[in-house]
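**Q** Take a look and give me a structure for this.
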Amino acid sequence: MPHVHAIGFDDTPFPQDHRGDVRVIGTVYARHALHAVLSGKVRRDGRNSTDELTRLTLLAGTHLQLVLLQGIAVAGFNVIDIHRLHRQTGLPVLVVARRRPDLHRIEAALLGRVPGGRQKWKLIQAAGEMEPCGGVYVQRAGLTPEEAGAALTALTVEGRLPEPLRAAHLVAGGITRGHSAGQRA
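**A** Below you'll find the predicted structure:
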């Protein structure tokens, strides 16, 4: 049985010079039906994303089977500890990206100019290499590659992103810009 009750998270767009909190949006889905929208805040380049996503996931209810993330970081370099998120929620965690990230560039940025960058880089390394799966790249905690593929298939309707991530991305853009028209999801 694929993981069809899922929450997907994405952050709202923010100006490059923004400092402070950034809103993060969660959308709760049962297969292809939207059931809830949640929002919280994380610090730009901070260290509170894992705790805030845990709080929002637990707030969403006990029927969830999977946590989906659009990338391993939100609000710039607020890196999510996917293994701790898995332990704290009791749910598998699947990080999804359209393209394989440039890890050399990410490492250079983290170690060169981000407070706490060394620890954040260790979290990215601990998450493992991104692997191709269902037309996207994924990192996993608490599920097999086969389960990840089944979840992507069950939750994807339009394009390559699963509906919870696609909707979270659109809602995040709509909240910030006043619309989500013309926004790739």
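**Q** and the gap between the residue lying farthest from the centre of the chain and residue 41?
**A** Distance from the C-alpha centroid of the chain peaks at residue 112, with 24.1 Å (Cα atoms, centre = their mean). Remark: distance between residue 112 and residue 41 (Cβ to Cβ, to the nearest Å) = 26 Å. The way it works is simple: take the backbone N, C-alpha and C, and place the C-beta from them, glycine included.
**Q** Counting neighbours, what do you get for residue 102?
**A** Residue 102 has 10 neighbours, counted by other Cβ atoms under 10 Å.
**Q** what residues are up against the nearest residue to residue 88 once chain neighbours are set aside?
**A** Excluding the flanking residues, the one nearest residue 88 by Cβ to Cβ, 6 or more residues apart in numbering is residue 54, at 4.4 Å. For residue 54, the contacting residues are 85, 88-89, by Cβ atoms under 8 Å, 6 or more residues apart in numbering.
**Q** same thing with residue 111?
**A** By Cβ under 8 Å, 6+ apart, the neighbours of residue 111 are 117-118, 121.
**Q** And whichever strand or helix holds it, how far out from the chain middle?
**A** Element membership for residue 111, per DSSP states H and E: helix 103-113. The chain centroid and the centroid of helix 103-113 are separated by 20 Å under Cα atoms, centre = their mean, to the nearest Å.
**Q** For the helix ranked longest in the chain, name the packing helices and strands.
**A** For the chain, the longest helix by residue count, based on DSSP state H, is helix 163-177. Secondary-structure packing of helix 163-177 (3 or more Cβ pairs under 8 Å, 6 or more residues apart in numbering; DSSP states H and E): strand 5-11, strand 21-30, strand 33-43, strand 66-70.
**Q** which one of these lies closest to residue 93?
**A** Of all the helices and strands packed on helix 163-177, strand 66-70 sits nearest to residue 93, with 4.7 Å by Cβ to Cβ.
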